[in-house]
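S.K.: Sequence and predicted structure are below.
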Amino acid sequence: MTDRTPWMSIGEFAQACRLTVKALRYYDREELLTPGRVDPHTGYRYYAPAQLATALRIGLLRRAGVSIASIRRIVDDPARSADVLAVERARIEHEAERALRSLALVGSLEEIAATELPVRVRRIDDQVVLWREGSADVDDLDRTVAASIESLLVDAAVLGVDTDAPVVGRYPVVLEGTVDFGVGIEVAPDVGADAVLMPGGLFAAVDFTGPASLLPVAYHALFADLAARGVEAVGPVREYYLTDPAEVGAENMLTRVVHHVSDPDAKRSTSPR
């Protein structure tokens, strides 16, 4: 039987559906849109006009930012399109909001970076703290720490601990891969087995007002000061959260970032905590 399909070369098909040849080859590798026929001798790809509708749909979805995985689900099961697109719409809206917040932070960063943050040496007393440890991928650290602090405060309230006391977080100097961290809040020494001693001493400290996403500015000032003192930044680093962002807002959150120092000259400039 003669094949009467008016086959289109990959170039003709790309032009008709407003896609590039490179994109069509990529969709073939991803098994989203495979050629209707491949010449066994030359390897040339050919498409049928009936495939144009699928190609147009894929192209529009990609332009809208829909993921390849979601497009595959839509192509494989068109009846699920509405559900898949609803999930993708929520994801894209979330990413757009995050991008807008990032742009706003860039503006804030330029203003904050122009302000020199003072570094002071403070004496911090030994503390007994209700302590929780955790780990998270560096990209998910902020969210995981926030959840750990929330859980910590719930436990502290059950024990009758003053939850208005500053929460402290402890982190490594280098944030890479999986990060181990701890969070705590000061308690009475007899609170129980979950309490640990957090040693005090002399610490170089930077007070920073602003959202947690801009804390690298404070770390830059702190590490530059440590280098000037000849103190190696080996960690751990502590962050004392001196205000509640739920009360003052993230933009007005006050965080003290500290690192232990052993410079004997630092004692002459010690400030009370």
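M.R.: That came through fine.
S.K.: Quick one: the strands in the chain, in order.
M.R.: Here the chain has its strands, by DSSP state E, at 8-9, 37-38, 45-47, 119-124, 127-137, 167-171, 178-186, 195-198, 201-209, 237-241, 254-260, 270-272.
S.K.: and Ala79, which of those is closest to it?
M.R.: Ala79 sits nearest to strand 45-47 of all those, at 24.6 Å, using Cβ to Cβ. Where you see a C-beta, it was placed from the backbone N, CA and C, and this is true even at glycine.
S.K.: Now the strands of the chain in TSV, please, with extra columns for mean neighbour count and mean pLDDT.
M.R.: Putting the strands of the chain into TSV (neighbours: other Cβ atoms under 10 Å; pLDDT from 0 to 100) gives the following:
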stretch	mean neighbour count	mean pLDDT
strand 8-9	18	91
strand 37-38	14	91
strand 45-47	21	92
strand 119-124	18	94
strand 127-137	16	93
strand 167-171	20	95
strand 178-186	20	93
strand 195-198	16	90
strand 201-209	20	94
strand 237-241	20	95
strand 254-260	21	95
strand 270-272	10	36
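S.K.: Looking at the ones you listed, spot the one closest to Arg25.
M.R.: Across these, closest to Arg25 is strand 45-47 (Cβ to Cβ), at 7.9 Å.
S.K.: Show me what that closest one is in contact with.
M.R.: Applying Cβ atoms under 8 Å, 6 or more residues apart in numbering, the contact partners of strand 45-47 are 7-10, 13, 24-25, 28, 35-39, 55.
S.K.: Farthest pair within these?
M.R.: The most widely separated members of these, counting by Cβ to Cβ, are Asp39 and Ala55 (19.7 Å).
S.K.: When these two are compared, which one has more neighbours?
M.R.: Neighbours per residue, other Cβ atoms under 10 Å: of Asp39 and Ala55, the larger number sits with Ala55, 21 against 11.
S.K.: With adjacent residues omitted, what lies nearest to the more buried one?
M.R.: Closest residue in space to Ala55, ignoring its immediate chain neighbours: Cys17 at 3.9 Å, by Cβ to Cβ, 6 or more residues apart in numbering.
S.K.: how close does that neighbour sit to Leu33?
M.R.: Using Cβ to Cβ, to the nearest Å, we find Cys17 at a distance of 9 Å from Leu33.
S.K.: so what sits against both of those two?
M.R.: Contacts common to Cys17 and Leu33, judged by Cβ under 8 Å, 6+ apart, are Ala55.
S.K.: List just the one of the strands of the chain that sits closest to Leu159.
M.R.: Across those, closest to Leu159 is strand 127-137 (Cβ to Cβ), at 7.1 Å.
S.K.: other SSEs contacting the closest one?
M.R.: Judged by 3 or more Cβ pairs under 8 Å, 6 or more residues apart in numbering; DSSP states H and E, the packing partners of strand 127-137 are helix 141-158, strand 178-186, strand 195-198.
S.K.: how about those, which one is nearest Val234?
M.R.: The closest of the helices and strands packed on strand 127-137 to Val234 is strand 178-186. By Cβ to Cβ, the value is 14.9 Å.
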